[in-house]
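Undergrad: Fold the stuff below for me.
(chains A and B)
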Number of protein chains: 2
Amino acid sequence: MNNGDVPDIVIHRLPLYLRALDQMAENGQLVTSSQELGQRLAISSAQIRKDLSHFGEFGKQGTGYDIEFLRAQLRRILQVDESWSMALVGAGALGHALVNYGGFRQRNFHIDAVFDNDATKIGTMMEQLRVEDQRYIPERVRELEIYIGVIAAPASVAQAVADMLVQGGVRAILCYAPITLSLPEDIAVEYIDPLLALQSMTYYIHKRQLIIDN
Amino acid sequence: MNNGDVPDIVIHRLPLYLRALDQMAENGQLVTSSQELGQRLAISSAQIRKDLSHFGEFGKQGTGYDIEFLRAQLRRILQVDESWSMALVGAGALGHALVNYGGFRQRNFHIDAVFDNDATKIGTMMEQLRVEDQRYIPERVRELEIYIGVIAAPASVAQAVADMLVQGGVRAILCYAPITLSLPEDIAVEYIDPLLALQSMTYYIHKRQLIIDN
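TA: Below you'll find the predicted structure:
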């Protein structure tokens, strides 16, 4: 068992496995196989076995995986058993959707502070949270011991906001702004930009010549 | 120039290049290099040159890339010069954020229909769109000649919604529901799930031992 140098791409597939196992557990299923997981996720069963083998031996030959056990192991590896506190920057429509998203709480992620730079939003309530002035991000994030920042602010301010989050001690940033941030190497960052996804799909729609009009 | 079998991962990087070039153009910049692009995107310059070489010769030795020319080429390759019509399913908080997102319109993507199965939402207005009953997805999507579906509905109904979108002739689905859809092979699909991103970052926060308390 060597967690030292597991490839990034493997780490990024583990949450996908966990999500599928959670769904199976919700349906009352107790045991699965790499074949079933693979079929559900469109990943080869060999790949799944190889990915999991980085962390130990989780299945028994011929009997498959105990779903509860594998879920517990994946949660432990990913460190998602503990509760994670997040700071959200941006109290617009996307910020509202994120604060209202029940999936975060269900999975132990909690938005514990919201910031904006718009005077008409500062001081207003979003669910139980009062929107704070984003100039206080560094001190407030440090005070609340928050390690994850979520940027739902416009691209034009995203870098400045990211710098303030890092100043406050944040170790990971989930960025919805359509920009690539410049960050210290030890800060984890993930991007969510629906346009990047859409713009690769349009390539495939066209390539497959599925639209008749050309 | 051989577009026949460009790897998926290359296609997925092109929108990222286009986004960076758009930003440079907005700042009035005329010329760039694979080095500058690479630095901005944390991708090696050799990788960028190799990716672009799948589609032709876009830069001149020693003078770099003409930004306007390269943007036009990437837009052509990705087929994003034309206007794309989208059907949104889910009129909740996320649906509202998506309908309000200016980035779609700026990049030629337009939400032209919104569906939900909640009787209290059907018939209400979201911006200029009337929320329609999702049972009519197949016929309305076909009538409006929409090729892209966006699922912002709960996981429990996402597969049924996806099936209706495909029935209506949709060729690509952007899925925000935390589920892996089962779809015909010729349907392009992309997923957006912030929990998958968060759950890989928590691994790295912990691995880097950046939190003192263990």
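Undergrad: All the strands of chain A, in order from the start?
TA: Taking DSSP state E to define them, one finds strands in chain A at A:31-32, A:59-60, A:64-66, A:84-89, A:109-116, A:125-126, A:129-133, A:148-151, A:172-175, A:188-191.
Undergrad: Adding mean neighbour count, write these out as CSV.
TA: From N, CA and C alone the C-beta is placed, and that goes for glycine too. Output for those, formatted as CSV (neighbours: other CB atoms under 10 Å in any protein chain shown):
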stretch, mean neighbour count
strand A:31-32, 18
strand A:59-60, 14
strand A:64-66, 20
strand A:84-89, 24
strand A:109-116, 22
strand A:125-126, 14
strand A:129-133, 17
strand A:148-151, 28
strand A:172-175, 24
strand A:188-191, 19
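Undergrad: Okay, and the beta partners of the closest residue to A:Val31 other than its chain neighbours?
TA: Leaving aside its chain neighbours, A:Val31 sits nearest to A:Gly64 (5.1 Å; criterion: CB to CB, 6 or more residues apart in numbering or on different chains). In this entry, A:Gly64 is beta-bridged to A:Lys60, by DSSP bridges.
Undergrad: And the residue nearest to A:Leu70 when sequence neighbours are not counted, how far from chain B?
TA: Spatially, and ignoring its direct neighbours in sequence, A:Leu70 is nearest to A:Phe58 (5.3 Å; CB to CB, 6+ apart). Going from A:Phe58 to chain B by CB to the nearest CB, to the nearest Å gives 17 Å.
Undergrad: got the domain boundaries for chain A?
TA: As assigned by automatic domain parsing, chain A contains the domains A:8-78, A:84-196.
Undergrad: Mean pLDDT for these - can I get that in CSV?
TA: Below are the domains of chain A laid out as CSV (pLDDT from 0 to 100):
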stretch, mean pLDDT
domain A:8-78, 92
domain A:84-196, 96
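Undergrad: from memory the residue nearest to A:Val31 sits against A:Leu30, does it?
TA: No - A:Gly64 lies out of contact with A:Leu30 (CB atoms under 8 Å); the separation is 9.8 Å.
Undergrad: Let me see the contact set for the residue nearest to A:Leu70.
TA: Contacts here follow CB atoms under 8 Å, 6 or more residues apart in numbering or on different chains; on that basis A:Phe58 touches A:Leu52, A:Tyr65, A:Phe69, A:Leu70, A:Gln73.
Undergrad: Please identify which pair of those residues lies farthest apart.
TA: Maximum pairwise distance among the contacts of A:Phe58 (CB to CB): 11.8 Å, between A:Leu52 and A:Phe69.
Undergrad: what's the residue nearest to A:Leu70 sitting at in phi/psi?
TA: Dihedral angles of A:Phe58 (phi, psi; degrees, to the nearest 10) stand at phi -100, psi -20.
Undergrad: Which helix runs longest in chain A?
TA: helix A:8-26 (DSSP state H).
Undergrad: who touches that one?
TA: The contact list for helix A:8-26, computed with CB under 8 Å, 6+ apart, reads A:32, A:37, A:40-41, A:43, A:48, A:51-52, A:54, A:67-68, A:70-71, A:74-75, A:77-78, A:80, B:155, B:178-180, B:193, B:195-196, B:199-200, B:203-204.
Undergrad: Now do the helices in chain A.
TA: A:8-26, A:34-41, A:45-53, A:67-78, A:93-100, A:102-106, A:137-143, A:155-167, A:194-207.
Undergrad: quick revisit: so for A:Leu52 and A:Phe69, which residue has more residues nearby?
TA: A:Leu52 (23 against 13; other CB atoms under 10 Å in any protein chain shown).
Undergrad: Excluding sequence neighbours, find me the nearest residue to the more buried one.
TA: Distances taken as CB to CB, 6+ apart put A:Phe58 closest to A:Leu52, at 5.4 Å, once the chain neighbours are dropped.
Undergrad: And A:Gln134, by the same measure?
TA: Distances taken as CB to CB, 6+ apart put A:Phe115 closest to A:Gln134, at 4.0 Å, once the chain neighbours are dropped.
Undergrad: do A:Phe55 as well
TA: Excluding the flanking residues, the one nearest A:Phe55 by CB to CB, 6+ apart is A:Ile77, at 5.6 Å.
Undergrad: and that neighbour, how many neighbours?
TA: 22.
Undergrad: now A:Asp51
TA: If you count neighbours by other CB under 10 Å, A:Asp51 ends up with 20.
Undergrad: Tell me who's in contact with A:Ile67.
TA: Applying CB under 8 Å, 6+ apart to A:Ile67 gives the contacts A:Leu21, A:Met24, A:Ala25, A:Gln29, A:Leu30, A:Val31, A:Thr32.
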